[in-house]
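*Asks:* model the structure of this input:
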Amino acid sequence: IRSLRLLPIEPLAVDRVTIGENGGAVALKQDYRNIKLYGLTKGLKVSDY
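*Replies:* Alright, predicted model coming up:
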């Protein structure tokens with residue numbers, strides 16, 4: 001957003017995300033590293049700041 005002098009956040013770079021196990025019958029742990037997220041600002045509208 002040039003008027004606010006903000007750098008673009010697309011793609012959003014994330015170093016690491018870990019989604020832990022739950023206590024259910026199936027235990028699953030997900031570990032993601034060095035990911036880029038696209039489309040998070042699609043349809044985003046800034047109306048007041």
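
*Asks:* host element of the residue located most distally from the centre of the chain?
*Replies:* Within the chain, Ala25 marks the point farthest from the mean C-alpha position, 28.7 Å out by C-alpha atoms, centre = their mean. Ala25 belongs to no helix or strand when assigned by DSSP states H and E.

*Asks:* where does pLDDT dip in this protein?
*Replies:* 1, 49 (pLDDT under 70).

*Asks:* this structure: strands as residue ranges?
*Replies:* For the chain, applying DSSP state E gives strands covering 12-19, 30-37.

*Asks:* just put those strands in JSON lines and tack on distance to Asp48 and mean neighbour count.
*Replies:* The way it works is simple: take the backbone N, C-alpha and C, and place the C-beta from them, glycine included. Converted to JSON lines, the strands of the chain look like this (distance: least, C-beta to C-beta, whole Å; neighbours: other C-beta atoms under 10 Å):
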{"stretch": "strand 12-19", "distance to Asp48": "23", "mean neighbour count": "10"}
{"stretch": "strand 30-37", "distance to Asp48": "25", "mean neighbour count": "10"}
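
*Asks:* any idea which of the ones you listed gets closest to Leu44?
*Replies:* Between Leu44 and the strands of the chain, the tightest spacing by C-beta to C-beta is seen for strand 12-19, at 12.4 Å.

*Asks:* what angle do the closest one and strand 30-37 make?
*Replies:* 170 degrees (axes from the mean of the first three to the mean of the last three C-alpha atoms, to 10 degrees).

*Asks:* show me what strand 12-19 is packed against.
*Replies:* strand 30-37 (3 or more C-beta pairs under 8 Å, 6 or more residues apart in numbering; DSSP states H and E).
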